[in-house]
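Undergrad: This is a predicted model, with the sequence first.
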Amino acid sequence: MSALKAANDVVAFAVELAALAALPAAAWALALDLPSRIALALAGVALFVTVWALWLAPRAGHRLDMPWLLVAKIAVLGLPFVALALTGHPVLAAVCGGLTAAHLAVATANGWL
């Protein structure tokens, strides 16, 4: 395994965890009552995990083919950061979004998706 692939795998894992954490953080920042915040956070995480497990994970049973895999990963990894930006954390969202774009560009260019 090359150093670039190893580094990209680490960035991929970090981006996936950051996207997963961004969903409840964005839900928590909304001006809703506590039960609504909790429900929205849980629904976001459940939807993320379900989509990832069914269609995007490397060992998913029905993994999408390119280019749909790339389109879905852009959406699933990007939308949590958009939500984070819209709820008051634009710098963090921009950093995470930039890392996501870099990871996907490197992985796509090298055939690692």
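TA: Arrived safely, thanks for sending.
Undergrad: Using the neighbour-count criterion, name the buried positions in the host helix or strand of Ala18.
TA: Using DSSP states H and E, Ala18 sits in helix 3-29. The neighbour-count check on helix 3-29 (16 or more other Cβ atoms under 10 Å) flags 8, 11-12, 15-16, 18-20, 22-27 as buried. Using the backbone N, CA and C atoms, a C-beta is placed for each residue, glycine as well.
Undergrad: Could you point out which of those is nearest to Thr100?
TA: Within the buried residues of helix 3-29, proximity to Thr100 (Cβ to Cβ) peaks at Val15, which comes in at 4.9 Å.
Undergrad: what's the most distant pair in the buried residues of helix 3-29?
TA: Taking every pair in these and measuring Cβ to Cβ, the maximum separation is 29.3 Å, between Asn8 and Ala27.
Undergrad: how far is stretch 48-62 from where the chain is centred?
TA: Relative to its parent chain, stretch 48-62 has a centroid offset of 12 Å by Cα atoms, centre = their mean, to the nearest Å.
Undergrad: how long is it from one end to the other?
TA: End-to-end distance for stretch 48-62, by Cα to Cα, to the nearest Å: 16 Å.
Undergrad: which outside residues touch that stretch?
TA: Outside stretch 48-62, the residues within contact range by Cβ atoms under 8 Å, 6 or more residues apart in numbering are Glu16, Ala19, Leu20, Leu23, Arg63, Leu64, Leu69, Ala72, Lys73, Val76, Pro80.
Undergrad: And the third one, how far from Leu42?
TA: Translated: Leu20. Between Leu20 and Leu42 the computed distance is 12 Å (Cβ to Cβ, to the nearest Å).
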